[in-house]
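Kindly generate the corresponding structure for this input.
(one chain, ligands or ions: 1)
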Amino acid sequence: MSRDVSSFGFISKNANENDFETSSSSAHFPPPRTPLNSIPDPSQYQKESRNQDEQDVVDSKDKSESLRALHKTPRVTNRHGKLHSESNSAQSTPSRTAPRFSLGGGAGPCFTSKVTQGFGGRCGLSSASSSRVPRRVSMIDGTNFSVEAPHFELVEDPSFWRDRNVQVLIRIRPLSTMERVSQGYGRCLKQESAQTLLWLGHAESRFTFDHVACETISQEKLFRVVGVPMVENCMSGYNSCMFAYGQTGSGKTYTMMGDIYEVESQLSEDCGLTPRIFEYLFSRIRMEEESRKDEKLRFSCKCSFLEIYNEQITDLLDPSSTNLQLREDLKKGVYVENLMEYNVRNVDDVLKLLLQGASNRRMAATNMNSESSRSHSVFTCIIESHWEKDSMTHFRFARQKSSGAEGDRLKEAANINKSLSTLGAANETLSTLKFAQRAKLIQNNAKVNEDASGDVNALQQQIEQLKGQLSSLLKHHNFPNSPNSCVPSYEELKIGDYSRKNEYTSEKQMRRMEATLAGSLRREKMAETANQKLEAEIEQMNRLVCQKEEDVQRTKMMLRFREEKIKNLESLTTGLVSTEEYLMEENQALKAEIQLLRTKIDRNPELTRFALENIRLIEQLQIFQNFYEQGEREILLGEISELRDELQEVLEGKNRFSSRYENQDGNTVKELEDCRNMNSKLMREVEELQMELSKYLNCSHGAFDSVGGFPSKDHKECRQTNKCSLVLFPSELKVIHTGRCIKEKGHNKFCVKENLYSDVEAYTNMNNRSI
Ligand SMILES: Nc1ncnc2c1ncn2[C@@H]1O[C@H](COP(=O)(O)OP(=O)(O)OP(=O)(O)O)[C@@H](O)[C@H]1O
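Residues are numbered from 1 along each chain as shown. Okay, the predicted model is just below:
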């Protein structure tokens, strides 16, 4: 039986040559025959019904003639995938002149996913009504030899990527000429539908995936099924990752890259997903920019290309840059330090980078595929867009990754991959399929990367505009400068000139209004900052949740390792494997387990939780500092006293007015009514300011209470002594010292001056009294 399985999403292939005896000695080409390992060969089912003439043609050719013909066979796959040549042996691929490189890494599965960091995706597509097409497509090669392969159409679904699970697509590659020549038509897989596969080994296993792309699915069709939705996903600001996995020679490079040369400014029909994705991406970008000209929408794309080899990261676009380090940043997430990023404006730029990276890539030949590579490579494109709407600048970005896992999962995936490759033995395809199933367990929390930080600018602009309006109002109206001009004089009222009533507003009142307005804008800005902080906190919490989920996944992996161990032990006791084999496998499994445990320690969610608490504490201290040191308190108090004066003036004016003219006509009564309204409005404003103050006061205590459950006893104690507020910090947290810091009873005690509280309280009381 020969290799015939590859996957996009996952790329894998069948058991290797060692598993099944080859038929290189056969006199006739190609001699379909029952495989020696007793696995039923689906092609045999078709053999009976095969046209006798066709058989005759086959039988009449001798092997050497066929081989000669095959070496000349041009690739005839058409863009729509109706016909496929069987030109897929490494030796007979005439169109591939570019240096080969696998975007998919060594061996293993590939995922298509919607990501926040790393993986993600959807799981729903498997239920889509992929047609069970009973059609059979002829596979014709240059020797006129044909064999039928069942064809199952893939269904294009625009909602691909939109779910939380990793989306898995298995691609089965056609048998290569060499495989047919040497091994016949035996396959170890039987595809049952567009989602189901039967592994025909001992014992038969059935697998269901989101998609199973049969051998006759074209590059173009694959692109429409997975590439187009990926681009759309990125355009909406979601991160997306496509990860090709499979054993060597299973078709990862073919799927991800294919023939990456352009012919007359057109991509080759045989080109793989990556060039097609970028071609489509740039056309979408042009379209979007054109249709949203009025919002000044602009996109920018930058690409990087790295390789992981022997657990070391090298920049493929700057190969002198080796052993790069993975870092984690609260804002950026996980990233590779000092990795070069290049701006790209069209598909040509991308192809140049791909070729440059490819030529720098380490190649390691294996017995199976002389051109195969054993390293993992990750090509990343960061797409940023910004536009203006409602005088705010929006900034959106997404990462598009071709193959490989992202960030610290990258390490994890590499280790999983490593552990998979160590399983060795005869069942690589089975292992790959199992790995693909495990990948489905990964859950994501996808979100749009958007930043509307332009809000502050917009508010500042608004303030400037309002100020301008105010000053022009002041200029165009000749307001009287009397101190009590907010209250109309009797003479003025008597004249009955109500049109002048508005002009009673003095410049002073205008200034007050301006101050009040500035105050509310300032408070609004503060509320917005608080909002942003909360959002950041939510984001951090989400990160924590993700870490916990990852932790659970790792625990599940551990359980699987244990299950494998039990199976191995059973095989040992029943004599199915030798002690030596058992020990070797056990050794490898233990290594993988150790790696997993290390990751578990490195990515301990508890550590993150402490770090987050620490950051929160620092922020709260910052609020205190601002309040004390940057004059926030003074500003608030100033506003209160302004308002109090204003109120005082209004009240005085009102009293004068009512005592002198209490028996006057209805106009006076109305005016009094106006004064009352103004009065209550001002009182409301004062109340608001008081609330604002008490919020600050509550915040000063409550904030600390909320951090890590500090003992309320100490807190109470501090309130009683009215000297200082004592806050206990867990000793492992770093304490930021502000104010006076004392050591007591073996704890670090942090002291915040309580003056603020008493000062503000005094002012508030005073204010209440004056009102
Ligand atoms: N779907 C397919 N249709 C036709 N030919 C294919 C297909 N998939 C793979 N091939 C051919 O199979 C051979 C091996 O594929 P490829 O080089 O892509 O494997 P790979 O998984 O990248 O291997 P490695 O990991 O060793 O780099 C190539 O000659 C390729 O042209």
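
list the contacts for residue 306?
313-316, 324, 336, 339, 377-378, 380 (C-beta atoms under 8 Å, 6 or more residues apart in numbering). Just so you know, the C-beta spots here come from the backbone N, C-alpha and C atoms, and that holds for glycine as well.

Just the closest of the residues you listed to residue 536, please.
residue 336 (23.5 Å; C-beta to C-beta).

so what's that closest one closest to, chain neighbours aside?
Among residues not flanking residue 336 along the chain, residue 324 sits closest, at 5.1 Å (C-beta to C-beta, 6 or more residues apart in numbering).

can you pull the contacts of that neighbour?
306, 313-315, 336-339.

Can you tell me which of the contacts of residue 306 is nearest residue 269?
Out of these, the member with the shortest distance to residue 269 (by C-beta to C-beta) is residue 377, at 24.3 Å.

With the flanking residues excluded, which residue is spatially nearest to that closest one?
Using C-beta to C-beta, 6+ apart, the nearest residue to residue 377 is residue 307, at 4.7 Å.

ok, now which ones touch that neighbour?
313-314, 316, 357, 360-362, 375-378.

Would you format the residues you listed as a markdown table with pLDDT and distance to the ligand included?
A markdown table is the format used below for the contacts of residue 307 (pLDDT from 0 to 100; distance: C-beta to the nearest ligand atom, whole Å):
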| residue | pLDDT | distance to the ligand |
| --- | --- | --- |
| 313 | 87 | 19 |
| 314 | 88 | 17 |
| 316 | 91 | 15 |
| 357 | 87 | 14 |
| 360 | 82 | 16 |
| 361 | 74 | 10 |
| 362 | 53 | 12 |
| 375 | 70 | 10 |
| 376 | 80 | 10 |
| 377 | 83 | 10 |
| 378 | 87 | 15 |
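
Show me which of the residues you listed are buried.
Buried members of the contacts of residue 307, scored by 16 or more other C-beta atoms under 10 Å, are 313-314, 316, 357, 360-361, 375-378.

Sitting in helices, which of the residues you listed do you find?
Judged by DSSP state H, helices contain the following of the buried ones among the contacts of residue 307: 357, 360.

before we move on, the earlier item: the residue nearest to residue 377 pairs with what?
residue 314, residue 377 (DSSP bridges).

Can you pull the phi/psi pair for residue 247?
Dihedral angles of residue 247 (phi, psi; degrees, to the nearest 10) stand at phi -70, psi 170.

Give me the local confidence score for it.
Here, the pLDDT recorded for residue 247 equals 81.

repeat for residue 22
pLDDT, residue 22: 30.

for residue 690, same thing?
Per the predicted model, pLDDT is 69 at residue 690.

all helices of the stretch 101-250 of the chain, in order?
Assigned by DSSP state H, counting those that start in this stretch, the helices in the stretch 101-250 of the chain fall at 177-183, 219-222, 228-235.

any chance of those in JSON lines, plus mean neighbour count?
Output for those, formatted as JSON lines (neighbours: other C-beta atoms under 10 Å):
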{"stretch": "helix 177-183", "mean neighbour count": "23"}
{"stretch": "helix 219-222", "mean neighbour count": "21"}
{"stretch": "helix 228-235", "mean neighbour count": "23"}
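
Using JSON lines, lay out the ones you listed together with mean pLDDT.
Listed next are those as JSON lines, based on pLDDT from 0 to 100:
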{"stretch": "helix 177-183", "mean pLDDT": "82"}
{"stretch": "helix 219-222", "mean pLDDT": "92"}
{"stretch": "helix 228-235", "mean pLDDT": "86"}
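
can I get these in JSON lines with distance to residue 647?
Converted to JSON lines, those look like this (distance: least, C-beta to C-beta, whole Å):
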{"stretch": "helix 177-183", "distance to residue 647": "93"}
{"stretch": "helix 219-222", "distance to residue 647": "74"}
{"stretch": "helix 228-235", "distance to residue 647": "56"}
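
of those, which approaches the ligand most closely?
For these, the distance to the ligand is smallest for helix 219-222, at 7.8 Å, taking C-beta to the nearest ligand atom.

other SSEs contacting that closest one?
If contacts are counted by 3 or more C-beta pairs under 8 Å, 6 or more residues apart in numbering; DSSP states H and E, helix 219-222 sits against helix 273-291.

buried ones in the helix it packs on?
273-282, 284-285, 289.

what's the answer for stretch 612-620, then?
By 16+ other C-beta under 10 Å, the buried positions in stretch 612-620 come out as 612-614, 616-617, 620.

Pick the one among the residues you listed closest to residue 198.
Once C-beta to C-beta is applied, the member of those that ends up nearest residue 198 is residue 612, at 48.1 Å.

I'd like to know how far the closest one sits from the ligand.
Separation of residue 612 from the ligand (C-beta to the nearest ligand atom, to the nearest Å): 41 Å.

So that residue is in contact with residue 538, correct?
No. The criterion here is C-beta atoms under 8 Å, and residue 612 misses it with residue 538 at 11.3 Å.

which of the contacts of residue 324 sit farthest apart?
Using C-beta to C-beta for every pair in the contacts of residue 324, the one that comes out farthest apart is 314 and 337, at 13.0 Å.

quick check: mean pLDDT across the lengthiest helix in the chain?
For the chain, the helix that runs over the most residues, judged by DSSP H, is helix 507-573. Here helix 507-573 scores 80 as its mean pLDDT.

Residue 684 should be in a helix, yeah?
Yes. Assessed by DSSP: H, G, I helix; E, B strand; the rest coil, residue 684 belongs to a helix.

what pLDDT does it get?
For residue 684, pLDDT reads 77.

what's the burial count for it?
10 (other C-beta atoms under 10 Å).
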